[in-house]
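*Asks:* Coordinates for the following, if possible.
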Amino acid sequence: MNLLKFNQHWSNHFRYDFPNKRKLLKVLEEQIDNRQIVELTGLRRLGKTTLFFQLINTLIEREVSRYSIWYFSFDEQRYDLDELLTAFGTQTKRDIRKDKIYIFFDEIQKLHDFQSQIKIYYDLYPNLKFFISGSTSLFIKKQTQESLAGRMSSFMLKPLDFEEYLLFRDSSKYLEMPEMYETELNVEYQNYLSRQFVETVNISDDFFVKEYVTGIIKKIIYEDIPTSFSVDNPEILFAIVRIIAERPGLYLHFENLANDLKISAKTLSKYLSILEQAFLIIVLYNYSSNQLTSEKKMKRTYLASSSFCTALHDFNQVGLLVENAILSLKPFKFFWRDSYKHEVDFIEIERKQVTPVEIKYKDKIGKQDYNNLYLFAKKFKLKKAVILTNTVTNYSIDYKDIEIEVASVYYL
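*Replies:* Numbers count the residues shown, from 1 in each chain. Coordinates of the predicted model:
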């Protein structure tokens, strides 16, 4: 096997030409000197491979020998780890028993029994630093939780946030001087909602963008999922995704949805779990101070990117798209709805601090927009709530003894 084709950086003076940097790169650079395996997961086409190449650039800048940096993608070819390491040692003249070597394995889930293979080398050779990536994170985690427990730090690459989108658009000045570019920010944000993937950012043809993003969805459903899960009918998976695309935040009424799809509620539950594990959907639970109670109550589901919604459905409800875009970036696990149908979009829990969050993508915020936040805060004895809107200036108001922070969606 010829490893050189995967490792252009073995040529003197070569650098990977990716000048725009995702925010996660800095976080990963801080892991370079740590012993643990670095696991990078996320949807296809978000830039995991690019991050690996940028990390390789960083290592070269730190004067690590080029031949001590090794990249391989299992998306291209399948070998076992013993074969690969033997070939690497032969072709680079590096000794894996004593030389410090940085190893980048892409699409690691396609290496059979990868967790056991890597565990052996990790335990025997502390001089080896592994970076691994995969497109189906929870599938990987099921296999790594036991074999690689305590040996791995996990990071998830999410869709572009708006600041990153503007960076790739060469329009960062809009956020640097938001009062001057308020109109441009609004236009760009609505464009961003359908372009959360790097390769779509500068494409003006909406039809092409839809085809590109739909292709990502289909590749996950018809190629990736069947290699990891037992699925009798992938068409049902695609049908579920299309239904959610039409209504982000869909309340899951299992019997009704199962009847519409002509499958059992048990099969629907299984398919939803698979879609969640494959990163295509996000499931939220109705908040309760008792987490076990929350998981048994009503659920809502969104797609993993607002771009998935616009690819599969001609959308005119911008507010729902904004909800979906924000959820794709933030680790929200809960919404809230009471028996009187009062609702709060998201419940943030950070360091045991609970904060209700409402999305109001509109020019003017009125008292009616505060009411459900107040009801939630009163019920759970909270003093703070958040409204996210298309403002360029953050501010706070006091509403019936509750502090409500009105913040911009542009800076998430």
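
*Asks:* Burial check on residue 307, number of neighbours?
*Replies:* 29 (other Cβ atoms under 10 Å). Every C-beta, even on glycine, is put in place using the N, C-alpha and C of the backbone.

*Asks:* tell me which element it falls in.
*Replies:* helix 306-312 (DSSP states H and E).

*Asks:* So which elements touch that helix?
*Replies:* helix 206-219, helix 234-246, helix 318-329 (3 or more Cβ pairs under 8 Å, 6 or more residues apart in numbering; DSSP states H and E).

*Asks:* buried ones in the longest one?
*Replies:* Neighbour-count burial for helix 206-219, counted by 16 or more other Cβ atoms under 10 Å, picks out 209, 210, 212, 213, 216, 217.

*Asks:* If we go by neighbour counts, what in the helix or strand following it is buried?
*Replies:* Of the helices and strands lying after helix 206-219 in sequence (DSSP H and E), the nearest is helix 225-228. Neighbour counts over helix 225-228 (16+ other Cβ under 10 Å) mark 225, 228 as buried.

*Asks:* ok now helix 225-228, how far from the chain's centre?
*Replies:* Relative to its chain's centre, helix 225-228 lies at 19 Å (Cα atoms, centre = their mean, to the nearest Å).

*Asks:* Then stretch 152-171?
*Replies:* That offset, for stretch 152-171, works out to 9 Å (Cα atoms, centre = their mean).

*Asks:* Using PDB, list the CA coordinates for that stretch.
*Replies:* C-alpha atoms of stretch 152-171 as PDB (Å, rounded to 0.1, in the frame of the first residue of the first chain):
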ATOM      1  CA  MET A 152     -10.400   9.200  25.100                       C
ATOM      2  CA  SER A 153     -11.500  12.800  25.000                       C
ATOM      3  CA  SER A 154     -14.500  13.400  22.700                       C
ATOM      4  CA  PHE A 155     -15.300  16.500  20.700                       C
ATOM      5  CA  MET A 156     -18.200  17.100  18.300                       C
ATOM      6  CA  LEU A 157     -18.000  19.400  15.200                       C
ATOM      7  CA  LYS A 158     -21.300  21.100  14.800                       C
ATOM      8  CA  PRO A 159     -22.600  23.000  11.700                       C
ATOM      9  CA  LEU A 160     -21.200  26.400  11.100                       C
ATOM     10  CA  ASP A 161     -22.300  29.100  13.500                       C
ATOM     11  CA  PHE A 162     -23.100  32.500  12.100                       C
ATOM     12  CA  GLU A 163     -19.700  34.000  12.900                       C
ATOM     13  CA  GLU A 164     -17.900  31.200  11.200                       C
ATOM     14  CA  TYR A 165     -20.300  31.500   8.200                       C
ATOM     15  CA  LEU A 166     -19.400  35.200   7.900                       C
ATOM     16  CA  LEU A 167     -15.700  34.300   8.100                       C
ATOM     17  CA  PHE A 168     -16.000  32.000   5.100                       C
ATOM     18  CA  ARG A 169     -18.000  34.700   3.300                       C
ATOM     19  CA  ASP A 170     -15.200  37.200   4.000                       C
ATOM     20  CA  SER A 171     -17.700  39.400   5.700                       C
END
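
*Asks:* Okay then, goodbye and thanks.
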